[in-house]
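# Turn this into a model:
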Amino acid sequence: MANICVRSIRAAARAAACGGLLLSAAASASAQDAKSPDIVKQLTQILDAKKLDSIAAPDPQAPGMYVGALYFPGSQLLVVSAKYAAPPILNEKIAKKDYREVYIDLSSASIAGSKLFVMDTNADGLAAKPGDGQAFDTVERAGTNISFDGEYKKAKMSETDYLKTFADVDAAYVHAVQLLINQLKSQS
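Numbering: from 1, shown residues only. Below is the predicted model:
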């Protein structure tokens, strides 16, 4: 009888350990689920259809904030979102559809600490950890560079902090890309 109890306890302990590992893995995987791939696909399809390599838009929810993008089909999407000290200048450039100039202005002359710069390798949305042999995405956020290469220890971050940072950046990227899509659709 004691032998059966010991086996039952061991089996229960193994099941609990496996269950804990599965829950941990599921939580980690869900934290890595990016929202940006679908919306970036929409943006790149519209840019391809319109034969554009750049787009820019104001952020109507944040006066003085703008988004600009340069698109290299199948290769890279560069998106910058930042506050700009002279909104009338960017508004005029957007009205003239001089999107590349808006992108350049935001990249080089934005208000310090306000910039989010996303280098989306392959123009396919962000990934917390790239697949084997794939290039990783990088971000500059308020003066700090982040590489989403899955190497959170190398970045001196905990996995939890890395995944939270990824989720925050991914959400900001989705917002910026949606503004660009809205701008493109308003031109139709």
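# C-alpha from now on. contacts and neighbour counts both.
OK.
# Point to the helix or strand of this protein where mean pLDDT is at its lowest.
helix 2-32 (a mean of 44; mean pLDDT, DSSP states H and E).
# other SSEs contacting the next helix or strand after that helix?
Proceeding N to C from helix 2-32, the next assigned helix or strand is helix 36-50, under DSSP states H and E. With contacts taken as 3 or more CA pairs under 8 Å, 6 or more residues apart in numbering; DSSP states H and E, helix 36-50 sits against helix 159-186.
# list the helices and strands the helix it packs on packs on?
helix 2-32, helix 36-50, strand 54-58, strand 65-72.
# what does the shortest one contact?
Spelled out, that is strand 54-58. If you take CA atoms under 8 Å, 6 or more residues apart in numbering as the criterion, strand 54-58 is touched by 47, 64-71, 91, 94, 97, 99-100, 102-103, 179-180, 183-184.
# in its sheet, what does that strand sit against?
Using DSSP bridges, strand 54-58 pairs in its sheet with strand 65-72 (antiparallel).
# So what's the gap between the helix or strand following the partner strand and the chain middle?
With elements assigned by DSSP H and E, the helix or strand that comes after strand 65-72 is strand 76-83. Centre-to-centre, strand 76-83 and its host chain are 10 Å apart (CA atoms, centre = their mean, to the nearest Å).
# Strand 76-83 relative to helix 36-50, how many degrees between them?
Angle, strand 76-83 to helix 36-50, by axes from the mean of the first three to the mean of the last three CA atoms, to 10 degrees: 100 degrees.
# circling back to that earlier point, in PyMOL, select just the buried ones from the contacts of strand 54-58.
To isolate the buried members of those in PyMOL, using 16 or more other CA atoms under 10 Å:
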select buried, resi 47+64+65+66+67+68+69+70+71+91+94+99+100+102+103+179+180+183+184
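# from memory residue 34 sits against residue 124, does it?
No: applying CA atoms under 8 Å, one finds residue 34 not in contact with residue 124, separated by 10.8 Å.
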